[in-house]
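K.L.:
Need a 3D model of the sequence below.
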Amino acid sequence: MSKKDLIDAIAKECDLTKEKAGSAVDAMLSHIKSSMKKGEEVRIPDFGTFKVTKRAARDGRNPLTGETIKIKASKVAKFTPSKGLKDLLN
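P.N.:
A predicted model of the protein is given here:
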């Protein structure tokens, strides 16, 4: 499902124009991004939790040359599905 498909589905389900549904989707995504940038978790009941975790620095290997390289520490986004979502899928 693309963002456009999601906007179309929300517009139809909620009886909104595509412009208003698009604004709602953009606002939701913007809020999730800004919350995660602050390091906060975003919990959506019956869907899951978005959170930021730290990945430690580590050694890697260049696949072309086999040379060992240093990979910097970084922050990564993680999603953990809720029990309700897991049950729905299985």
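K.L.:
how near is the residue nearest to Pro81 when sequence neighbours are not counted to Glu40?
P.N.:
Of all residues not flanking Pro81 in the chain, Gly48 sits nearest, at 4.3 Å (CB to CB, 6 or more residues apart in numbering). (Glycine included, C-beta is placed from N, CA and C.) Per CB to CB, to the nearest Å, Gly48 is found 15 Å from Glu40.
K.L.:
contacting residues around Ser35?
P.N.:
By CB atoms under 8 Å, 6 or more residues apart in numbering, Ser35 lies in contact with Glu41, Val42.
K.L.:
Tell me how far it lies from Arg43.
P.N.:
Counting by CB to CB - Ser35 and Arg43 are separated by 10 Å.
K.L.:
can you check Lys18 too?
P.N.:
For Lys18, the distance to Arg43 - CB to CB - is 28 Å.
K.L.:
How about Asp87?
P.N.:
Distance of Asp87 to Arg43, given as CB to CB: 17 Å.
K.L.:
Same check on Asn62?
P.N.:
39 Å.
K.L.:
Neighbour count: these two, which is higher?
P.N.:
Between Asn62 and Arg43, Arg43 has the larger neighbour count (other CB atoms under 10 Å), namely 12 against 9.
K.L.:
List the contacts of the more buried one.
P.N.:
By CB under 8 Å, 6+ apart, the neighbours of Arg43 are Thr49.
K.L.:
Next one: it, what pLDDT does it get?
P.N.:
Listed pLDDT for Arg43 reads 96.
K.L.:
three-state assignment of it?
P.N.:
Of the three states, Arg43 takes strand under DSSP: H, G, I helix; E, B strand; the rest coil.
K.L.:
The helix or strand Ile10 falls within packs against which elements?
P.N.:
Ile10 is located in helix 3-14, with elements delineated by DSSP states H and E. For helix 3-14, the packing partners by 3 or more CB pairs under 8 Å, 6 or more residues apart in numbering; DSSP states H and E come out as helix 18-37.
K.L.:
Give the buried residues for the helix it packs on.
P.N.:
By 16 or more other CB atoms under 10 Å, the buried positions in helix 18-37 come out as Ala21, Gly22, Val25, Met36.
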